[in-house]
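Student: coords please:
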Amino acid sequence: FAAALGVSQQMLELVARTQQPPSGSLQHLQALEHTGDCLKELGQQKRADSVFQIGLTLTRNVTDIMLKKQRMRLINSYTDCLIQMFRNSDAEKLLLENVAAADTLGASGQEHLLITKNLLGNLYQNQGQYEKALEVHLSLVGFHQQKEPSKAPYVVAISNVGRDYYLMGDNTSAEIWTKRALDLGRKQFPETHPLYLTIMNNLAVIYKNLGRYPEAENLYLRTMQLRLQTLGEKHLSYAGSLNNLAVFYRQVRRYAEADTLYRKALNIYQTASGNPNPMVALVLSNLANTCMSLNRLEEADSLHRLALQLRRERLGEQHPAYQMSYRNLATLKIVQKDYDNAESMLLQSAEFYKRFDKSYDYPVVYRSLGNLAMASGNSKRVVQYWTEYATLTNRFLAYGLPFLSEKEKTELYANIQDDYQAMYSVLLSPQLPDSSRRRFIGLVWDKELFTKGMLLRSVRQTRQSLESSRDTVAFKTYKDWLDIRN
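Tutor: From the prediction side, this is the model:
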């Protein structure tokens, strides 16, 4: 990418110096597109953003069909950059513009329309609008099934539908569609094909979600072995497989094995040529959390600080990924019993997330503050912070429930159950005055009923949610209601 960037920049310098080819010509716009793509791949999103903006400005009112198509290509490349910069609404606006432009071009714009729709579906996935994503991806399945069922885009579309169902919490449908994509891929590609390996990894994630750990592990291992065999031990895709398997091992509490794999992946990412790979900070964070589980707290502190520094330099302190690293370090401070620094850091995080008050990250910070107060034995602060957490959670649910998948609702229900059990345990604390205890009992009970009521009313898989939780009283009440209704 660095070499390709050099060539593209030479073309742009030639245009600026001689106007040959002319500014705004097809060749000039192609050079801008290639330059933006290279900068994006090298992790220089801000510079890529400026380059793509020049191209869009030059093509704003073009009438020539070739230039219209080039604008569509620029938009498709640019939206990937915007998504990486968390500017999803800008990306969606441009992609919808492309859909409208493709309609005016008829058959000649079909290729760009299919690319745009695929990007739009993936954008909706990233935004959590899974039903919209499913609608787009199913339309692509229908098109490719009629036109080109023996080609890769058909397999990609089917795989994306499987991913949509997985994100919606419907693992049964996700397994059916993903296995269908894998079977089709097996007929069309060698087992070592990148697309086939990606689908195999997706199926491993689904099996992990279903609790079918031996099957999930086998697929993770097979994917990793095939990438090692075909790409070598220094390839970034092999590092990705190492990281995926490490994440799995950490989830099933095989921390020592996860630690080894994270370190191998980190070494590959750190020795890759060019600017620091974006995965370095992620793997550092994963490794730090694993060190915490292994009680290697000093090493965890050092790793979290490295991840924080990388994200500050690369993304800035106002980026959500930087804030996530900052919260990870604050969590470590709680484990290290450095309560004053942990509280100060979490309150700073709360100020950041306050701007995104419709995000669940905002109440989660107050949950962490409540846990900190409980760990430090400060019952009054526990009441203060958990009251704020409960209030913010209900505000989030009032806005966010329509955008949550069934899986996310079920997970949120289980998390809230754990949180309220912890709140009730505080009521037994001798440090809490009787007057505060009575007030807190009423508040917690009211918030818990309201929160669970909102969730259960909106969850289609109510019975499964209750069965998978430890709320035996709610489940008995639900069964009694079914008996009366029937």
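Student: Name the spans of the stretch 151-300 of the chain whose pLDDT lies under the cut-off.
Tutor: Scanning the stretch 151-300 of the chain for pLDDT under 70 picks out the ranges 273-276.
Student: Could you pull out the strands in it for me?
Tutor: Along the stretch 151-300 of the chain, counting by DSSP state E, counting those that start in this stretch, no stretch forms strands.
Student: Any chance you could list what contacts stretch 81-101?
Tutor: 36, 40, 45-46, 48-49, 52, 68, 71-72, 75-76, 78-79, 109, 112-113, 116-117, 119-120, 123, 126-127, 319-320 (Cβ atoms under 8 Å, 6 or more residues apart in numbering). Glycine gets a C-beta too; all of them are placed from N, C-alpha and C.
Student: what do you get if the cut-off is 7 Å, keeping everything else the same?
Tutor: 36, 40, 45, 48-49, 52, 68, 72, 75-76, 78-79, 109, 112-113, 116, 119-120, 123, 126-127, 320 (Cβ atoms under 7 Å, 6 or more residues apart in numbering).
Student: Drop anything exposed from these.
Tutor: 36, 40, 45, 48-49, 52, 68, 72, 75-76, 78-79, 109, 112-113, 116, 119-120, 123, 127 (16 or more other Cβ atoms under 10 Å).
Student: confidence score at the one residue sitting closest to the centre of the chain?
Tutor: By Cα atoms, centre = their mean, the mean C-alpha position of the chain lies nearest to N126, the distance being 6.5 Å. The per-residue pLDDT reported for N126 equals 78.
Student: Then S436?
Tutor: pLDDT, read off for S436, is 65.
Student: what do you get for I54?
Tutor: pLDDT at I54 comes out at 89.
Student: Contact partners for it?
Tutor: Applying Cβ under 7 Å, 6+ apart, the residues near I54 are L32.
Student: Starting from C38, give me the distance back to it.
Tutor: I54 sits 15 Å away from C38, going by Cβ to Cβ, to the nearest Å.
Student: repeat for P190
Tutor: Distance from P190 to C38, by Cβ to Cβ: 29 Å.
Student: okay, those two: which has more neighbours?
Tutor: The neighbour comparison of P190 against C38 (other Cβ atoms under 10 Å) goes to C38, with 22 against 10.
Student: so which strand or helix has the more buried one?
Tutor: helix 26-41 (DSSP states H and E).
Student: what helices or strands is that helix leaning on?
Tutor: helix 2-18, helix 45-58, helix 65-84 (3 or more Cβ pairs under 7 Å, 6 or more residues apart in numbering; DSSP states H and E).
Student: May I have the second one as PDB, with CA atoms only?
Tutor: Meaning helix 45-58. The C-alpha coordinates for helix 45-58 follow below in PDB (Å, rounded to 0.1, in the frame of the first residue of the first chain):
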ATOM      1  CA  GLN A  45      -8.200   8.000   7.900                       C
ATOM      2  CA  LYS A  46      -8.000  11.800   8.300                       C
ATOM      3  CA  ARG A  47      -5.800  12.300   5.300                       C
ATOM      4  CA  ALA A  48      -7.900   9.800   3.300                       C
ATOM      5  CA  ASP A  49     -11.000  11.800   4.300                       C
ATOM      6  CA  SER A  50      -9.500  15.000   2.800                       C
ATOM      7  CA  VAL A  51      -8.600  13.300  -0.500                       C
ATOM      8  CA  PHE A  52     -12.000  11.700  -0.900                       C
ATOM      9  CA  GLN A  53     -13.700  15.100  -0.200                       C
ATOM     10  CA  ILE A  54     -11.700  16.600  -3.100                       C
ATOM     11  CA  GLY A  55     -13.000  13.900  -5.400                       C
ATOM     12  CA  LEU A  56     -16.600  14.400  -4.300                       C
ATOM     13  CA  THR A  57     -16.400  18.200  -4.800                       C
ATOM     14  CA  LEU A  58     -15.000  17.800  -8.300                       C
END
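Student: got the contact list for stretch 277-288?
Tutor: Contacts for stretch 277-288 (Cβ under 7 Å, 6+ apart): 43, 236, 243, 246-247, 259, 262-263, 265-266, 269-270, 300, 303-304, 306-307, 310-311, 325, 328.
Student: In ChimeraX, how would I select the buried members of those?
Tutor: Command for ChimeraX that selects the buried part of the contacts of stretch 277-288, burial taken from 16+ other Cβ under 10 Å:
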select :43,243,246,247,259,262,265,266,269,300,303,304,306,307,310,311,325,328
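Student: Whichever strand or helix holds E97 vs helix 65-84, what angle?
Tutor: Element membership for E97 (DSSP H and E) is helix 88-105. Angle of helix 88-105 versus helix 65-84, following axes from the mean of the first three to the mean of the last three Cα atoms, to 10 degrees, is 160 degrees.
Student: Pull the distance from helix 88-105 to the chain's centre.
Tutor: With Cα atoms, centre = their mean, to the nearest Å as the basis, helix 88-105 stands 23 Å off its chain's centre.
Student: got it, and stretch 370-379?
Tutor: 30 Å.
Student: What residues of it count as buried?
Tutor: By 16+ other Cβ under 10 Å, the buried positions in stretch 370-379 come out as G370, N371, L372, A373, M374, S376, N378, S379.
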